[in-house]
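> sequence and predicted structure are below.
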Amino acid sequence: VELINLPGNHDRQGAYALGKAIEFYYRNSKRVSVDSEYKNPWKYRTFYGNLVFFTHGSMTKSNIKTIAQREARKAFGDSKVAEVHAGHYHHERVTEEGGVTIRYLRTLANGGSWEKEQGYGGAQEVITSFVWSESGLDEIWYTKGRSDE
């Protein structure tokens with residue numbers, strides 16, 4: 001299991017501290033690795049020749065689809081599939097632009113007082129998992145969060 005910890009746009013310090021705490025907890029584990037580095041607010045991984053760009057997603061929309069091509073040129077050029085996985089909007093939305101699939105994912109975060117005051121909410125609390133193979137994306141799993149209602 002690999003945990004990729006990324007900063008959000010509202011909780012950079014808290015998310016960083018949580019990532020470091022989880023990294024410390026699993027420091028001796030051979031089955032769990034934690035990437036809590038914050039040099040960049042995004043990270044790349046290649047799964048069976050498929051490039052996935054992880055980001056919070058609050059960057060300019062025109063940049064989100066092209067940054068992997070600029071920063072990870074070799075990996076992008078060698079990839080069969082290129083995807084962006086982001087979470088900024090807290091609900092699921094999938095588009096494809098310029099050969100890149102952009103997936104905005106749901107979240108387990110149910111928001112705080114600001115979101116409530118603005119009338120946001122109602123998003124399903126879900127963790128999304130992806131199963132990759134040499135042929136590409138094989139499966140998407142949805143795990144519902146707990147409900148306080």
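Done, it's in.
> from Ser58, how far out is Trp42?
Using Cβ to Cβ, to the nearest Å, one obtains 11 Å as the distance from Trp42 to Ser58. Every residue, glycine included, has its C-beta placed from N, CA and C.
> between these two, tell me which one has more neighbours.
Higher neighbour count among Trp42 and Ser58: Trp42, with 21 against 15, using other Cβ atoms under 10 Å.
> pLDDT score assigned to the residue nearest to the more buried one when sequence neighbours are not counted?
Nearest residue to Trp42, sequence neighbours excluded (Cβ to Cβ, 6 or more residues apart in numbering): Thr55, at 3.8 Å. Per-residue pLDDT puts Thr55 at 90.
> Thr55 contacts Asn40, correct?
No - under the criterion of Cβ atoms under 8 Å, Thr55 lies out of contact with Asn40, with a separation of 9.0 Å.
> look up which residues are beta-bridged to Tyr44.
Phe53 (DSSP bridges).
> contacting residues around it?
With contact taken as Cβ atoms under 8 Å, 6 or more residues apart in numbering, Tyr44 is in contact with 51-54, 68, 71-72, 75.
> all strands of the protein, in order?
Remark: strands of the chain, listed N- to C-terminal, are 2-4, 33-35, 42-47, 50-55, 82-86, 93-97, 100-104, 126-133, 136-144; assignment by DSSP state E.
> and those strands: which comes nearest Tyr16?
Relative to Tyr16, the nearest member of the strands of the chain by Cβ to Cβ is strand 33-35, separated by 12.1 Å.
> residues contacting that closest one, please?
For strand 33-35, the surrounding residues in contact (Cβ under 8 Å, 6+ apart) are 1-5, 19, 22-23, 26, 43.
> quick one: strands adjacent to that strand?
Paired strands of strand 33-35, with direction, are strand 2-4 (parallel) (DSSP bridges).
> what distance separates the strand it pairs with from the centre of its chain?
Taking the mean C-alpha point of strand 2-4 and that of its whole chain, the gap between them comes to 10 Å (Cα atoms, centre = their mean, to the nearest Å).
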